[in-house]
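Got a predicted model here, sequence first, then my questions.
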Amino acid sequence: MMRATTKVGLLPVTFLLFGLSLCVSAQLDWPEYNQQCQDDAGPPFLDDEETFPNGGKYHDGSAAVPILQDGKCAPVMQNACQQRPTTIGAYLEGPIDCGDQGWYCRIIIEDGWDNIGLRADYNFGHCNSTENFEDAGTDKDGHCHGSSYDNTYYWWIRDHWHRQYNGRLRCCCGWYSNTATPEISPEPLYNGRIANRCDYRRLVTPTEDVSKCRDANEDHGLGFDDIGCNPAYIDQIGKPIPEDDSKCWEVSKFGDSGLDTTRAPTPASAAPTRSEGTEPTPPPVTDPTLPPVTDPTLPPVEAPSEDDCTQKRKTKFIIKRKNKKNLVKKCQWLENRNQKQKNNFCKRKNGTKKFDPPRVSCRITCEICVPDEDEDSDSGSGSDSDENADADSAEDEDSGNNMYIFD
């Protein structure tokens, strides 16, 4: 009886310890849950294990480099650096320690790093110039984005990485003013001292159906828009933006280059560093009128004559080359992108022997030409004349929010 009682008594304890170990293991998993919406760029998050084998990450092998502070991970990133296998993984994934007061990031042009999609979506000016104080709509300094929730950081980084908003990334804690714990975010974005405007990414809750979330970056009314720089801080014109480095972190060569690289993930010991107390890198002078830079791995393709103003919804176009494979999509997919995304893709001029760039394959969607009203064109407007249109649409829907298809 004693043995039976002992065995029965130990069994729940064993299961309890096993359960606790699972809880500890689960706490180390990041991100906590899927917040990827339908218009987020990049491969579907739920397919990561298949897309990036051997436990890989979308940023493995990239040129991105974390900027250390006195040879160590930034204070806000130290917890993440202990959890993630690489330092750059910590800086690009988190979790960030901002006391759940949110964050804001700015991407600016970086010398020697092709900014690709960034130039098409400049949206802010730093609050240290007369022009940016006088005009809340001045947007020549780069791209600003943030959120009042810490755990949205992973999803914004992933989205803008795959949108190829390439440049120097600088992020800091604090979206709204919080007088209860000002030491966590001493200069939050909403103080009007950092940027004259900034986009916002909303929180996608654990109970929300992500298949019904089109874009967490739009249609929420929470952005820092039409507010501008706070006139109370006009004396900082011509001076560095006042930020506490202990609440900030930076990444050099942020974004998907579209090229294969051989660089291994950067260990902390090899990453660049900036000494405590030194000023952050000042924003460079940028020119939003610069022409798009093409992908050097693809040969340029001449556009057909303007007399040929037709396109088929199922026609495939090349996005880029990766690992010696063509990454392609269909014109029907491009039709359903927002205008900014269409502009980014339609600027590309290079193709391969098998696939043309979108400006050639999808001439009407890219507004290269306008078809005659009486011309019978399967351009995607109105009904689809292809009897297999429904099947084709279903095929595209199966790819979810995957920006790239290997072909």
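Noted; the coordinates are in hand.

Which of the three states applies to the residue minimising distance to the centre of the chain?
Most central in the chain under CA atoms, centre = their mean is His160, positioned 1.6 Å from the mean C-alpha point. For His160, the assignment made with DSSP: H, G, I helix; E, B strand; the rest coil gives helix.

Okay, it and Asn166: tell me how far apart.
Here His160 is placed at a distance of 9 Å from Asn166 (CB to CB, to the nearest Å). All C-beta spots, glycine's among them, are computed from the backbone N, C-alpha and C.

next one: Gln69
23 Å.

Neighbour count: the two, which is higher?
Neighbours of Gln69 and Asn166, each counted by other CB atoms under 10 Å, are more numerous for Asn166; the result is 27 against 22.

and the closest residue to that one other than its chain neighbours, what does it touch?
Among residues not flanking Asn166 along the chain, Gly255 sits closest, at 3.1 Å (CB to CB, 6 or more residues apart in numbering). Going by CB atoms under 8 Å, 6 or more residues apart in numbering, Gly255 touches 64, 107, 113, 115-118, 160-161, 164-167.

can you pull the pLDDT of Gly255?
Per-residue pLDDT puts Gly255 at 95.

just for the stretch 301-407 of the chain, where's the confidence low?
For the stretch 301-407 of the chain, applying pLDDT under 70 flags the ranges 301-307, 320-325, 373-407.

Oh, that last question was meant for the stretch 151-300 of the chain, not what I typed.
Under the criterion pLDDT under 70, the flagged ranges of the stretch 151-300 of the chain are 179, 259-300.

can you pull out the helices in it?
Applying DSSP state H, counting those that start in this stretch to the stretch 151-300 of the chain gives helices spanning 153-162.

just the strands in it please.
Along the stretch 151-300 of the chain, counting by DSSP state E, counting those that start in this stretch, strands occupy 167-173, 199-200, 248-254, 273-274.

And the helices in the stretch 301-407 of the chain, which stretches?
Counting by DSSP H, counting those that start in this stretch, one finds helices in the stretch 301-407 of the chain at the ranges 331-335, 339-346, 358-361, 389-398.

right, I mislabeled it, should have said the stretch 1-150 of the chain
Along the stretch 1-150 of the chain, counting by DSSP H, counting those that start in this stretch, helices occupy 2-28, 48-51, 78-83, 87-93, 130-134.

These: lowest mean pLDDT?
Among the helices of the stretch 1-150 of the chain, helix 2-28 scores lowest, with a mean of 37.

still on that earlier bit, check contacts around the residue nearest to the centre of the chain.
Contacts of His160 (CB under 8 Å, 6+ apart): 41, 107, 143, 145, 255.

If you rank those by neighbours, which is first?
Highest neighbour count within the contacts of His160, by other CB under 10 Å: Gly255, with 29 neighbours.

Number of residues surrounding Asn34?
Using other CB under 10 Å, Asn34 has 14 other residues around it.

I should have written Lys212 there, sorry.
By other CB under 10 Å, the residues close to Lys212 number 8.

for Pro206, same thing?
Other residues lying near Pro206 total 9 when counted by other CB under 10 Å.

and the nearest residue to it once chain neighbours are set aside, how far is that from Gly255?
Excluding the flanking residues, the one nearest Pro206 by CB to CB, 6+ apart is Tyr33, at 5.0 Å. According to CB to CB, Tyr33 stands 25 Å off from Gly255.

same question, Gln339
21 Å.

what does the domain assignment say about this protein?
Domains of the chain are assigned by automatic domain parsing as 32-274, 316-406.

can you list those in CSV and add distance to Asp308?
Output for the domains of the chain, formatted as CSV (distance: least, CB to CB, whole Å):
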stretch, distance to Asp308
domain 32-274, 26
domain 316-406, 8
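
which of the ones you listed sits most buried?
Most buried of the domains of the chain, by mean neighbour count (mean count of other CB atoms under 10 Å): domain 32-274, with a mean of 19.

what's the offset of that domain from the middle of its chain?
Mean-position distance between domain 32-274 and its chain equals 8 Å (CA atoms, centre = their mean, to the nearest Å).

quick one on the thing from earlier: any idea which of the strands of the stretch 151-300 of the chain gets closest to Gly137?
Gly137 lies closest to strand 199-200 among the strands of the stretch 151-300 of the chain, at 13.6 Å (CB to CB).

What strands line up against the closest one, and which way round?
Partners of strand 199-200 in the sheet, by DSSP bridges, are strand 143-147 (parallel).

Okay, the closest residue to Gly137 other than its chain neighbours and Thr130: tell me how far apart.
Using CB to CB, 6+ apart and skipping the chain neighbours, the partner closest in space to Gly137 is Arg197 (7.3 Å). Separation of Arg197 from Thr130 (CB to CB) stands at 17 Å.
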